[in-house]
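[1] Give me a 3D structure for the following:
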Amino acid sequence: MTIFEKIVTVPNWLFLINCAKMSIFVAVCSLLFGTILGLLSAAAKMSKSIILKAISTVYVEIVRGTPMMLQVTLFYIAGPIFTKAYFGYSFTPNPFLVGIIAISINSGAYSTELFRGAIQSIDRGQWEAARALGLSYKQMMRHVILPQSFKRILPPWINEFITLLKDSSLLSSIGAVELLKGANVIGGRFYNFLIPMFMATCIYLVMTLTISYFANKLERRLAESD
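    Presented below is the predicted three-dimensional model:
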């Protein structure tokens, strides 16, 4: 039996698929929390408060100006050090939890400009018409501005999800067994990393191409409804 036949087996494929499920879980959670952070940060950046604008700007610039690998590693290391220094006990952080927190914060910074640009791209006549109808700011955002912004933000938002799905591989550096780490585990078992990496590549491509396909279908459907 060749090394290829030993590695490319149903159990190994199933193991990598289960690892891919964890990659998807990390990406979905990070996208949801990142979207919330992005909306809050975009609202702060568009507010009249100088303090809120400054906080949002500092947050975005720091996160976008540093590598995600550094952020993930820093969160993983800083947690135990902080609790040891201030509470007197140490712990081993869950790598998936740390990864979701770090990637969510990173995604939120990139989503800030995404949401701010989409909201500000809405024609001023829409804002004035909503005010003329007597809508409050919250009602105007909920019923008029955000629904129109959603259609404009959908393509880059889907691209952000695909990016997060690929960036989840960075969690392998802190011990999380996602798809890339799973490939490394199989490679270490058989002393051959090329074939497992190729298998992981195939799974990544299936996931990203499938997401892109359905995203394009949804985008066309939304365009037809205009």
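
[2] Helices along this structure, start to end?
    With DSSP state H as the criterion, the chain has helices at 3-7, 10-46, 50-64, 68-87, 95-120, 124-132, 137-140, 146-167, 179-190, 194-224.

[3] which of those helices sits most buried?
    Highest mean neighbour count among the helices of the chain (mean count of other Cβ atoms under 10 Å): helix 95-120, with a mean of 21. In this view, the C-beta of every residue, glycine as well, is placed from N, C-alpha and C.

[4] Please name every helix or strand in contact with that one.
    Applying 3 or more Cβ pairs under 8 Å, 6 or more residues apart in numbering; DSSP states H and E, we find helix 95-120 packed against helix 10-46, helix 50-64, helix 68-87, helix 146-167.

[5] would a markdown table of those helices with distance to residue 104 and mean pLDDT be doable?
    Listed next are these as a markdown table, based on distance: least, Cβ to Cβ, whole Å; pLDDT from 0 to 100:
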| stretch | distance to residue 104 | mean pLDDT |
| --- | --- | --- |
| helix 10-46 | 4 | 94 |
| helix 50-64 | 11 | 93 |
| helix 68-87 | 11 | 86 |
| helix 146-167 | 9 | 85 |
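
[6] closest to residue 197 out of the ones you listed?
    The closest of the helices and strands packed on helix 95-120 to residue 197 is helix 10-46. By Cβ to Cβ, the value is 10.5 Å.
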